[in-house]
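**Q** any chance you can model this:
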Amino acid sequence: MKAIAADLLKIQAVSLSPQQPFTWASGIKSPIYCDNRLTISYPKVRRQIATGLADLIKNKFPDVEVIAGTATAGIPHAAWIAELLDLPMVYVRSKPKDHGQGRQIEGVLKPRQKTVLIDDLISTGGSVLQAVAAAQKEGAEVIGVAGIFSYQLAAADQNFAQAKLPFITLTNYSELIEVAQNQQEITDKDLKLLHAWRQDPTNWQ
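**A** Coordinates of the predicted model:
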C-alpha cells in the first residue's frame with residue numbers, strides 16, 4: 001500500500017494542497033486531488049498497479065470469470081489485469097450508445113458470469129456502482145469492485161454496504177497521508193486539515 005502511495009505522489013497522480021484546496025465537480029472543497037489517469041504513462045508504475053490488483057483479485061475473488069473496466073479510466077487497468085489473469089475482459093460505458101446497437105457494455109459478457117469491476121478511484125462509489133448495475137442488467141454476477149485508490153469516505157462504505165458488494169483498493173487516503181508525512185511533504189497543520197476533511201468532507205473548510 002505504501003509503495004503504491006509513494007508512486008502516486010512521485011508522479012503527481014495525487015496532489016495535496018490543504019491550504020489552497022481544490023474544488024471537485026460536485027462543488028466539494030478538497031485538500032486532495034487524485035488523477036490516476038497519469039499512471040498509464042509510467043510503465044513501471046502501471047505494471048506494479050496491474051500486478052498488485054491481479055494478486056488482490058486472485059486472493060479476494062478467486063472465482064472471478066470476467067474482468068470489467070469502467071469507462072474510461074478503468075479500461076486500461078482492466079485490460080492489463082485481464083491479461084495477467086488470462087481472463088476475458090469487457091468494459092462498461094457510463095450510458096448506452098445513442099447509435100448502432102445501443103450497447104452499454106462492450107465485449108462478450110455471458111449471463112451469470114462472475115465479474116469484478118475495475119475503477120481507478122473510489123470516492124463515494126456512485127459511478128462504479130452505476131456500472132455494476134449495468135453489468136447486472138446484462139445478467140452478470142458482479143462479485144466485487146477493485147480500484148487503485150480510495151478516499152476512505154464514509155459515503156463509499158455506506159453505498160457499497162447498501163449494494164451488498166465488497167470493494168478492495170491497492171492503497172488509500174490514510175496510507176498516502178502517512179507516506180506524505182514521512183517524506184516531509186506535509187506539515188503537522190496540514191495533517192490536521194487532511195484528517196478533518198476525511199471525517200466531514202461536505203462541511204470542511
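**Q** can you name the residues that contact the nearest residue to residue 28 once chain neighbours are set aside?
**A** When the adjacent residues along the chain are set aside, residue 28 lies closest to residue 201, with 5.7 Å between them (Cβ to Cβ, 6 or more residues apart in numbering). The way it works is simple: take the backbone N, C-alpha and C, and place the C-beta from them, glycine included. For residue 201, the contacting residues are 28, 30, 153, taking Cβ atoms under 8 Å, 6 or more residues apart in numbering as the criterion.
**Q** kindly indicate which of those lies nearest residue 112.
**A** Sorting these by distance to residue 112 puts residue 153 at the head of the list, at 31.9 Å, by Cβ to Cβ.
**Q** tell me the pLDDT of that closest one.
**A** Each residue has a pLDDT score; the one for residue 153 is 93.
**Q** and residue 203, by the same measure?
**A** At residue 203, the predicted lDDT confidence score is 84.
**Q** where does it sit: helix, strand or coil?
**A** Secondary structure state of residue 203, per DSSP: H, G, I helix; E, B strand; the rest coil, is coil.
**Q** okay, now residue 9: neighbour count?
**A** Other residues within reach of residue 9, judged by other Cβ atoms under 10 Å, total 17.
**Q** quick one: it and residue 133, what's the gap?
**A** Using Cβ to Cβ, to the nearest Å, residue 9 is found at 33 Å from residue 133.
**Q** packing partners of the lengthiest helix in the chain?
**A** Determined from DSSP state H, the single longest helix within the chain is helix 43-60. Contacting helix 43-60 under the criterion 3 or more Cβ pairs under 8 Å, 6 or more residues apart in numbering; DSSP states H and E are the following elements: helix 2-10, helix 75-85, strand 141-150, strand 167-172.
**Q** hey, which of these is tucked in deepest?
**A** strand 141-150 (a mean of 24; mean count of other Cβ atoms under 10 Å).
**Q** what strands flank that strand, and is each parallel or antiparallel?
**A** Each strand paired with strand 141-150, and its direction, by DSSP bridges: strand 114-122 (parallel), strand 167-172 (parallel).
**Q** how far off centre is it?
**A** Centroid separation for strand 141-150 versus its chain: 7 Å, with Cα atoms, centre = their mean, to the nearest Å.
**Q** how big is the angle separating it from helix 2-10?
**A** On the basis of axes from the mean of the first three to the mean of the last three Cα atoms, to 10 degrees, strand 141-150 is oriented at 60 degrees to helix 2-10.
**Q** got the contacts of residue 201 as CSV, with neighbour count columns?
**A** Shown next, in CSV, are these (neighbours: other Cβ atoms under 10 Å):
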residue, neighbour count
28, 16
30, 21
153, 19
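**Q** those residues in helices, which ones?
**A** Filtering those for helices - DSSP H - leaves nothing at all.
**Q** closest to residue 190 out of the helices and strands packed on helix 43-60?
**A** The minimum distance between residue 190 and those falls on helix 2-10, with 13.5 Å, by Cβ to Cβ.
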